[in-house]
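1. pasting the sequence and the predicted coordinates here, then a few questions.
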Amino acid sequence: MSKKWMIMFVFLTAFTLAACGEENTATNEEENGSASEEVEEQEANHEEEHDHDHEEEHDHDHDEEHEHGHDHDHEVDEEAQKIYDGYFEDDQIQDRELSDWEGDWQSVYPYLEDGTLDEVFAHKAEEGDMTAEEYKKYYKVGYETEVDRIVIEGDTFTFFENGEESSGSYTYDGYEVLEYEKGNRGVRYIFKLDEEQEGSMPAYIQFSDHGIEPTDADHYHLYWGDDREALLDEVTNWPTYYFSDLSGEEIAEEMMGH
């Protein structure tokens with residue numbers, strides 16, 4: 001073979017080998033690129049699955065916690081309602097201070113007389129065993145009083161009756177538990193006159209607000225007189241008081257909520 005043809009043969013061989021190398025490199029890069037994309041896709045799917053599982057677990061925990069809290073509130077509400085209805089144990093009863101009833105209070109009796117509470121009696125008739133008119137007669141006896149406003153501040157009661165004021169300071173005189181015919185019970189918290197400051201005040205004042213432990217009252221039934229024991233036998237007349245800044249309609253709404 002001539003020198004000229006030898007040179008051409010070497011040149012063609014080198015060119016062919018170079019082309020094959022580039023093709024192999026491109027193929028490897030393509031394969032490596034596909035593998036890399038596959039890995040990235042797998043990682044993305046894993047992260048998405050992890051986020052979904054975490055979110056689902058979080059939602060489950062949150063729902064479970066919410067349901068548990070709701071159940072707890074429901075149990076508390078049931079227990080509070082039982083006490084309000086007069087079903088409780090002796091060891092649940094606690095002493096209370098006069099500050100539980102502190103405030104400016106109005107009698108609900110005028111609202112019975114002017115018809116504002118008629119919707120309350122109609123509401124009771126829907127669930128009770130008397131007509132609305134019968135309920136109104138019953139509560140008329142219960143609510144009747146001439147003390148249309150009471151202010152309690154510190155240890156002092158002030159009664160507003162027929163345009164005149166009477167006041168006196170009182171000290172705590174314990175509580176008494178009363179048994180009722182229906183099988184439920186009530187607690188009377190009793191305060192004794194310490195010093196009369198103005199007018200004519202009763203020797204004893206007794207509270208009943210369906211509570212049996214320290215708490216701020218939102219309304220109460222009141223009994224007063226000079227004979228501590230005789231007052232405990234009074235179960236037909238229980239003047240009832242709500243905060244003085246409430247309207248008759250707001251009081252009616254609160255009554256229907258119990």
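-> Good, I have the coordinates. Bear in mind the structure is a predicted one, so any value in this text is a computation, not a measurement.

2. every contact and neighbour count from this point should use C-alpha atoms.
-> Noted.

3. tell me which helix or strand comes right after the longest strand along the chain.
-> The strand that spans the most residues within the chain, counting by DSSP state E, is strand 164-179. Per DSSP states H and E, the first helix or strand lying C-terminal to strand 164-179 is strand 185-198.

4. low pLDDT regions in the protein?
-> Scanning the chain for pLDDT under 70 picks out the ranges 1-76.

5. could you pull out the helices in it for me?
-> Secondary structure of the chain (DSSP state H): helices at 3-84, 109-113, 118-127, 132-143, 228-232, 248-257.

6. using PDB, list the CA coordinates for the second one.
-> Pointing back at helix 109-113 there. Extracted C-alpha coordinates of helix 109-113, given in PDB (Å, rounded to 0.1, in the frame of the first residue of the first chain):
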ATOM      1  CA  TYR A 109     -92.400  40.900  89.000                       C
ATOM      2  CA  PRO A 110     -93.200  44.100  87.000                       C
ATOM      3  CA  TYR A 111     -92.500  42.200  83.800                       C
ATOM      4  CA  LEU A 112     -94.900  39.500  84.700                       C
ATOM      5  CA  GLU A 113     -97.600  42.100  85.400                       C
END
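
7. what's next to it, contact-wise?
-> Here helix 109-113 makes contact (Cα atoms under 8 Å, 6 or more residues apart in numbering) with 117, 118, 136, 140, 143, 144, 145, 148, 239, 240, 248.

8. return the set of buried residues in that helix.
-> The neighbour-count check on helix 109-113 (16 or more other Cα atoms under 10 Å) flags 109, 110, 111, 112 as buried.

9. check the last one too.
-> When burial is assessed from 16+ other Cα under 10 Å, helix 248-257 yields the following buried residues: 248, 251, 252.

10. so which of those is the closest to residue 183?
-> Checking the buried residues of helix 248-257 against residue 183 with Cα to Cα, the nearest one is residue 252 at 27.2 Å.

11. contacts for stretch 138-154, please.
-> Around stretch 138-154, the neighbours that count as contacts under Cα under 8 Å, 6+ apart are 98-99, 101-109, 112, 157-162, 236-240, 244.

12. mind redoing it with 7 Å?
-> Residues from elsewhere that reach stretch 138-154 (Cα atoms under 7 Å, 6 or more residues apart in numbering): 99, 101-109, 157-162, 236-240.

13. cool, and stretch 171-181?
-> With Cα under 7 Å, 6+ apart, stretch 171-181 has contacts from 155, 185, 186, 187, 188, 189, 190, 191, 192, 193, 194.

14. kindly recompute the last result at 6 Å.
-> Identification of contacts with stretch 171-181 by Cα atoms under 6 Å, 6 or more residues apart in numbering yields 185, 186, 187, 188, 189, 190, 191, 192.

15. now tabulate those in TSV and tack on distance to residue 77 and neighbour count.
-> TSV is the format used below for these (distance: Cα to Cα, whole Å; neighbours: other Cα atoms under 10 Å):
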residue	distance to residue 77	neighbour count
185	19	18
186	19	21
187	20	20
188	23	23
189	23	23
190	27	22
191	30	23
192	33	20
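
16. relative to residue 256, which of the residues you listed is nearest.
-> residue 186 (20.5 Å).

17. residues near the closest residue to the closest one other than its chain neighbours, how many?
-> Nearest residue to residue 186 in three dimensions, chain neighbours excluded: residue 178, at 5.1 Å (Cα to Cα, 6 or more residues apart in numbering). Counted with other Cα atoms under 10 Å, residues neighbouring residue 178 total 14.

18. distance check, residue 178 against residue 184.
-> Distance of residue 178 to residue 184, given as Cα to Cα, to the nearest Å: 9 Å.

19. now swap in residue 208 and tell me
-> Relative to residue 184, residue 208 is positioned 14 Å away (Cα to Cα).
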